[in-house]
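Chemist: Sequence first, then the predicted structure, then my questions.
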Amino acid sequence: MQNGVVSFHQKRGRRQMNSIIDEIVQEMLKVLDNSQLIQLKRVLKKKLGNNKDSGPKRSNESYIVDYLAAKQVEGCSEKTISYYHATLKMMFVRLGKHVQKITTEDLRDYLGDYQQSRNSSRVTIDNIRRIFSSFFSWLEDEDIIIKSPVRRIHKVRSSAKVKDTYSDEDLERLRDQCNTDRDVAMIDLLASTGMRIGELVHLNQNDINFDERECVVLGKGNKQRIVYFDARSKLHLQNYLAERKDTNSALFVSLHSPHQRMSINGIENRLKSLGKKAGISKVYPHKFRRTLATNAIDKGMPIEQVQKLLGHERIDTTLHYAMVKQSNVKIAHRKYIG
């Protein structure tokens, strides 16, 4: 019984000691970098009685692997995981430091050098900064570092560019260049649903509900959502499927045997070819998505519904896609201001 009481008091004493150590470290956050804070915490634990060895220092790569495993669980795609890995690995190779010794100044210099040597856009640099922020915040949450060195590196501001959308005339010209029901159906489905190209290529015939004019797509992070198509898309899809003789379950397949599921590259190349024939520059799948978002907001659809339609987690992303037409700004000004 006495041993149990002693053990209880020992544990409570250790908790109190750790709490005091954490308070001391918090007080020193503004004046010490990560490696100094970690050393301070180690010395305090040793001198105040909690002298358990934390073990050998792990490699930077092992931390990257654990971080990416966590991102995978969150639902990040393989493409995103691969990009994160390459970005972090490049940073570590260039800095040549252990993760616990990297400072805010190191990362600022790295981003500056990266932008200058590669003539990168501000958007690219901010994307890299966001990856660093996510990684170092994870390290902080896992108690591998005391504070993230990215905290004082703020968002890189970039000038807003009004990106092109397809006009109604553009879409009609693209349809006019189609010599197969497949291509017309593909254009109509992209234009009326705003789905991602990756979602389109994974669609199967049984994902389509013609009665409700809707289909289930598998979006980013393997998340399912329902998208809706118009009457024109329904008609052309039915015509396309009725003429098919193959047994492939995929919604869109190649025109010639063995009629394999169309790939992202295959669809991109086909759209580019149709655009060239129609005399329209920059024809690519993502432009259909931006066009849908812009038109929906211009016609008064609430932004929250557009967000749901496009499958965005954050409404900021939806606002980034949607470009309000200047003519509508003029009409709104006359309506509400005079």
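Modeler: Cool, the structure landed. Given the structure is predicted, the values throughout are model-derived calculations rather than measurements. Numbers count the residues shown, from 1 in each chain.

Chemist: quick one: average pLDDT of the helix or strand where residue 26 lies?
Modeler: Using DSSP states H and E, residue 26 sits within helix 2-27. Per-region confidence: helix 2-27 scores 62 on mean pLDDT.

Chemist: residue ranges with poor pLDDT in the stretch 51-200 of the chain?
Modeler: Per-residue confidence for the stretch 51-200 of the chain (pLDDT under 70) gives these ranges: 51-56, 158-162.

Chemist: where exactly do the helices run in it?
Modeler: 60-73, 78-95, 104-118, 122-141, 168-176, 181-193, 197-201 (DSSP state H, counting those that start in this stretch).

Chemist: Tell me which of these approaches residue 308 most closely.
Modeler: Ranking the helices of the stretch 51-200 of the chain by distance to residue 308, with Cβ to Cβ as the measure, places helix 181-193 first at 12.8 Å. In this view, the C-beta of every residue, glycine as well, is placed from N, C-alpha and C.

Chemist: what's the domain layout of this protein?
Modeler: 2-47, 60-141, 168-334 (automatic domain parsing).

Chemist: and of these, who's closest to residue 147?
Modeler: domain 2-47 (5.5 Å).

Chemist: picking that back up, now render the domains of the chain as TSV, adding mean neighbour count and distance to residue 154.
Modeler: Output for these, formatted as TSV (neighbours: other Cβ atoms under 10 Å; distance: least, Cβ to Cβ, whole Å):
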stretch	mean neighbour count	distance to residue 154
domain 2-47	13	17
domain 60-141	15	9
domain 168-334	16	16
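
Chemist: And the strands in the stretch 151-300 of the chain?
Modeler: 208-209, 214-218, 224-228 (DSSP state E, counting those that start in this stretch).

Chemist: coming back round to it: I'd like the helices of the stretch 51-200 of the chain as JSON lines, with distance to residue 277 appended.
Modeler: What follows is the helices of the stretch 51-200 of the chain, written out as JSON lines (distance: least, Cβ to Cβ, whole Å):
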{"stretch": "helix 60-73", "distance to residue 277": "42"}
{"stretch": "helix 78-95", "distance to residue 277": "30"}
{"stretch": "helix 104-118", "distance to residue 277": "35"}
{"stretch": "helix 122-141", "distance to residue 277": "32"}
{"stretch": "helix 168-176", "distance to residue 277": "9"}
{"stretch": "helix 181-193", "distance to residue 277": "11"}
{"stretch": "helix 197-201", "distance to residue 277": "20"}
